[in-house]
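> Dropping a prediction and its sequence here:
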Amino acid sequence: MNPFGRFFRTEADTPPPGEIPGLRGAPMRTPVRTAGATTAPGLWPAVIGRMLSRQLWIELYGLPGYSLTLKGPPVEAFAAAPRDFRPADPASGKAVVDGRFILAGSSLEAAAPEDPWNRPSPSRAFATELHAFAWLPSLILQGERGAREAVRLTLAWGTAFARWSPFAWGPDILARRTLNLACAARRMGQVATEAERLRLADILGRQGRQLLRPPGGIAGSAERLAAAAVAGCVLAGPSGGSLRRAALRRLPAALERTVGKDGGHASRSPEAGLELLLDLLTLDDALSQLSEPRPDAVRVAIQRLTAALCLLTLPDGRLVTLQGGGPSTAARIAAARAHDESPATDPHGRMVAGIARIRSPLLTIAADVSGPARGAWSVTACAQPMALEIVCGKDRLVTGCGWTPRAGDRQGLRLPPGHSTLTLGEGSPGEPLGGWKAELMGHRLIGRPLHVDVQQRDGEGAVWLEVEHDGWVHEYGLLHQRRLYLDQRLDELRAEERLHPAPGQRDVVRAIAAPYAVRFQLEPGVQASLARDRRSILLRGHSGRGWWFRTDGPDVAIEPSVHIDEGLTRRSLQIVVRGSARTDSETKIRWKLSPAGAGTDPT
């Protein structure tokens with residue numbers, strides 16, 4: 001039986017093949033055994049509390065008369081028309097006008113007078129975007145015809161889902177739907193009848209008021225309150241004013257918890273910071289249309305998120321893809337930075353949200369130099385200590401497998417084999433929560449706290465970055481140190497992976513040979529050719545420029561891999577350096593990346 005009824009078909013979630021091609025011991029759906037990362041005892045109180053509160057809210061919000069508590073004073077007009085700064089694709093809107101919804105890599109036919117609300121969706125990801133009204137911004141671009149279709153679909157949704165339900169009214173989906181609907185409401189009201197306009201305002205007001213109520217938790221609270229405040233700006237009269245004031249009163253505390261002083265998002269996801277920035281820019285625009293001053297907390301958060309976005313944007317115009325954040329698009333990032341009139345700053349040597357960046361004229365390296373987020377913020381976190389990305393010119397060569405929450409059925413990609421870092425044995429420093437606990441708490445990353453040491457030194461024409469973590473100490477007694485030396489004059493990166501016994505561990509962990517694998521995930525489309533010396537690999541990105549990867553590792557191979565792009569799986573390649581490390585002695589693996597054609601190319 002499908003537990004989600006009309007929301008989506010469970011048969012579309014058929015488990016993929018058991019393992020990622022070429023990633024030994026890294027299942028796509030079932031995480032590998034971790035280094036002592038069992039369910040933390042401290043998690044049980046939260047699990048029990050969530051079980052009780054979740055059932056309480058389901059029972060309460062499911063009562064027949066609950067919807068009456070969301071009703072506010074009638075709203076006869078829309079006061080503001082806030083701008084959604086996210087670029088929209090007109091082609092997607094044209095498809096919706098023609099009755100075809102293309103979302104999350106799937107499609108559904110529902111031509112007028114039919115609608116998609118009372119039929120199963122192709123997948124959960126499709127259903128999420130459908131109920132979040134992700135199709136609405138592009139539909140509004142279709143002029144009067146698109147606005148009329150938007151009115152019809154919104155009113156049909158309001159009829160089908162007038163009563164609260166755990167999926168359609170879930171906090172995250174509700175926030176996205178409210179903001180999308182608020183940005184389109186005034187345009188929709190221009191083509192609606194008076195009765196339809198009253199219904200649209202009522203639907204928007206109910207959702208804005210629901211955003212102020214539990215459940216939700218601290219993770220995502222800033223996004224929910226920003227959406228509620230935007231809805232309050234759009235609704236005219238006392239109804240909108242009370243909603244706006246209530247949301248803005250609580251927003252500063254939520255922003256303080258969510259946005260660090262360095263501009264990093266508390267989840268450590270660069271993409272999450274970008275999306276929150278875009279939401280706050282929409283709120284700022286809505287407040288300015290009402291001639292209301294923006295709260296200081298909103299102004300400060302916009303400044304900090306914008307400054308962080310500069311460092312987290314790589315030379316190819318896309319984001320660093322670490323800690324569950326996708327690369328986004330150059331157009332989306334440019335839209336978020338368009339308001340910034342401050343002079344450009346050099347991000348070299350700076351660190352945001354535990355992500356360090358060093359560069360030379362042709363090389364840019366971003367490295368994860370902190371532990372993953374914990375608790376409620378860890379739903380998108382990844383157990384990939386010291387993962388790195390390398391951009392050569394504007395070619396992103398070395399990256400990760402691209403896991404984001406949109407690929408919820410690929411939880412194994414959140415582990416070390418899913419990014420460019422070292423894996424020891426069959427373990428991992430953490431694992432996503434699974435089973436019924438994940439249904440309650442989300443796929444939080446659990447495991448022992450990760451301690452990371454980082455040192456950076458700048459010299460004349462060179463920069464050193466040394467990072468060390470203790471994620472393998474519990475099982476193998478070994479520390480992993482990654483040393484990066486960037487020669488800025490030669491555009492050459494030299495590196496050393498060092499595994500060495502942690503102090504006091506020699507007599508605790510028995511001496512064994514632990515297999516290691518140092519992976520370098522390649523961007524889809526990057527060509528890789530193994531040279532005759534079996535130690536060098538020629539890499540070519542989209543520009544065609546060549547770069548040599550060399551290593552003294554005992555076993556070097558080019559293997560197939562996968563890359564997640566907007567929730568869809570693409571084929572890619574990975575360089576894997578394998579060997580064996582003694583737990584009672586030191587092991588070193590050296591590698592470097594340099595431009596091809598320098599006169600020392602392997603034959």
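Sure, I can see it. Numbering: from 1, shown residues only.
> ok, G273 - contacts?
259, 263-265, 305, 308-309, 312, 353 (C-beta atoms under 8 Å, 6 or more residues apart in numbering). Glycine gets a C-beta too; all of them are placed from N, C-alpha and C.
> Mind putting the residues you listed into JSON lines with neighbour count?
Below are the contacts of G273 laid out as JSON lines (neighbours: other C-beta atoms under 10 Å):
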{"residue": "V259", "neighbour count": "26"}
{"residue": "G263", "neighbour count": "22"}
{"residue": "G264", "neighbour count": "26"}
{"residue": "H265", "neighbour count": "28"}
{"residue": "L305", "neighbour count": "26"}
{"residue": "A308", "neighbour count": "25"}
{"residue": "L309", "neighbour count": "20"}
{"residue": "L312", "neighbour count": "29"}
{"residue": "A353", "neighbour count": "27"}
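> Of all pairs in those residues, which one is the farthest apart?
Greatest spacing in those, by C-beta to C-beta: V259 and L312 (13.4 Å).
> Run through the helices of the stretch 251-400 of the chain in chain order.
Applying DSSP state H, counting those that start in this stretch to the stretch 251-400 of the chain gives helices spanning 270-289, 296-312, 330-337.
> Kindly compare burial across those helices and name the winner.
helix 270-289 (a mean of 24; mean count of other C-beta atoms under 10 Å).
> pLDDT averaged over that one, what's the number?
Helix 270-289 shows an average pLDDT of 98 in the prediction.
> for this structure, what are the low-confidence residue spans?
Residue ranges of the chain with pLDDT under 70: 1-42, 50, 52, 343-349, 506-509, 598-603.
> ok, longest strand in it?
When the chain is parsed with DSSP state E, its longest strand is strand 568-582.
> residues of it that come out buried?
For strand 568-582, the neighbour count (16 or more other C-beta atoms under 10 Å) marks 569, 572-579, 581 as buried.
> now those as JSON lines including distance to E223?
Converted to JSON lines, these look like this (distance: C-beta to C-beta, whole Å):
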{"residue": "T569", "distance to E223": "27"}
{"residue": "S572", "distance to E223": "31"}
{"residue": "L573", "distance to E223": "36"}
{"residue": "Q574", "distance to E223": "34"}
{"residue": "I575", "distance to E223": "37"}
{"residue": "V576", "distance to E223": "38"}
{"residue": "V577", "distance to E223": "40"}
{"residue": "R578", "distance to E223": "42"}
{"residue": "G579", "distance to E223": "44"}
{"residue": "A581", "distance to E223": "43"}
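> do you know which of the helices of the stretch 251-400 of the chain lies nearest Q384?
Relative to Q384, the nearest member of these by C-beta to C-beta is helix 270-289, separated by 14.1 Å.
> Centre of the chain to that closest one, how far?
Centre-to-centre, helix 270-289 and its host chain are 17 Å apart (C-alpha atoms, centre = their mean, to the nearest Å).
> try stretch 442-454
Distance, centroid of stretch 442-454 to centroid of chain: 17 Å (C-alpha atoms, centre = their mean).
> go on, stretch 203-217?
Relative to its chain's centre, stretch 203-217 lies at 23 Å (C-alpha atoms, centre = their mean).
> Show the contacting residues for S370.
Here S370 is in contact with 268, 353-355, 452, 454 (criterion: C-beta under 8 Å, 6+ apart).
> Kindly report the same for W169.
Applying C-beta under 8 Å, 6+ apart, the residues contacting W169 are 61, 161, 210.
> what does A46 give?
Applying C-beta under 8 Å, 6+ apart, the residues contacting A46 are M441.
> Enumerate the positions of the one helix or strand it maps to that are buried.
Taking DSSP states H and E as the definition, A46 sits inside helix 43-61. Under the neighbour-count criterion of 16+ other C-beta under 10 Å, helix 43-61 has 43, 46, 50, 54, 61 buried.
> got it, and stretch 180-192?
So stretch 180-192, judged by 16+ other C-beta under 10 Å, has buried residues 180-189, 191-192.
> For these, give me a markdown table that also has secondary structure.
Formatted as a markdown table, the buried residues of stretch 180-192 follow (DSSP: H, G, I helix; E, B strand; the rest coil):
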| residue | secondary structure |
| --- | --- |
| N180 | helix |
| L181 | helix |
| A182 | helix |
| C183 | helix |
| A184 | helix |
| A185 | helix |
| R186 | helix |
| R187 | helix |
| M188 | helix |
| G189 | helix |
| V191 | helix |
| A192 | coil |
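> any chance you could map the strands in the stretch 251-400 of the chain?
All strands of the stretch 251-400 of the chain, identified by DSSP state E, counting those that start in this stretch, fall at 351-352, 355-359, 363-368, 388-392, 395-399.
> Looking at these, spot the one closest to F549.
Closest approach to F549 among the strands of the stretch 251-400 of the chain is made by strand 395-399 (8.6 Å; C-beta to C-beta).
> E149 and L130, how far apart?
Plainly put, E149 is 15 Å away from L130 if you go by C-beta to C-beta, to the nearest Å.
> Compare these two (neighbour count), which wins?
More neighbours surround L130 than the other of E149 and L130, with 27 against 21 (other C-beta atoms under 10 Å).
> so who does the closest residue to L413 other than its chain neighbours touch?
Among residues not flanking L413 along the chain, W403 sits closest, at 3.8 Å (C-beta to C-beta, 6 or more residues apart in numbering). Applying C-beta under 8 Å, 6+ apart to W403 gives the contacts 324, 382, 410, 413-414, 418, 564.
> Pull out the buried members of these.
324, 382, 410, 413-414, 418, 564.
> G400 reaches T321, doesn't it?
Yes: with contact defined as C-beta atoms under 8 Å, G400 reaches T321; the gap is 5.5 Å.
> what is in contact with these two at once?
Taking C-beta under 8 Å, 6+ apart as the criterion, G400 and T321 both touch E389.
> returning to what we had before: any chance of TSV for the strands of the stretch 251-400 of the chain, columns mean neighbour count and distance to L539?
Below are the strands of the stretch 251-400 of the chain laid out as TSV (neighbours: other C-beta atoms under 10 Å; distance: least, C-beta to C-beta, whole Å):
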stretch	mean neighbour count	distance to L539
strand 351-352	21	27
strand 355-359	22	18
strand 363-368	25	13
strand 388-392	25	8
strand 395-399	25	5
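> Could you export these as CSV, including distance to V75?
Below are the strands of the stretch 251-400 of the chain laid out as CSV (distance: least, C-beta to C-beta, whole Å):
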stretch, distance to V75
strand 351-352, 41
strand 355-359, 44
strand 363-368, 47
strand 388-392, 47
strand 395-399, 47
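> Which of those sits closest to D533?
Closest approach to D533 among the strands of the stretch 251-400 of the chain is made by strand 395-399 (20.1 Å; C-beta to C-beta).
> returning to that earlier point: out of the buried ones among the contacts of W403, who's nearest G461?
Closest approach between these and G461, by C-beta to C-beta: C382, at 33.5 Å.
> mind pulling up the phi and psi values for the closest one?
The phi and psi values for C382, taken as degrees, to the nearest 10, are phi -130, psi 140.
> Was I right to think it contacts P372?
Yes: the pair C382 / P372 is scored as a contact, 6.2 Å apart, by C-beta under 8 Å.
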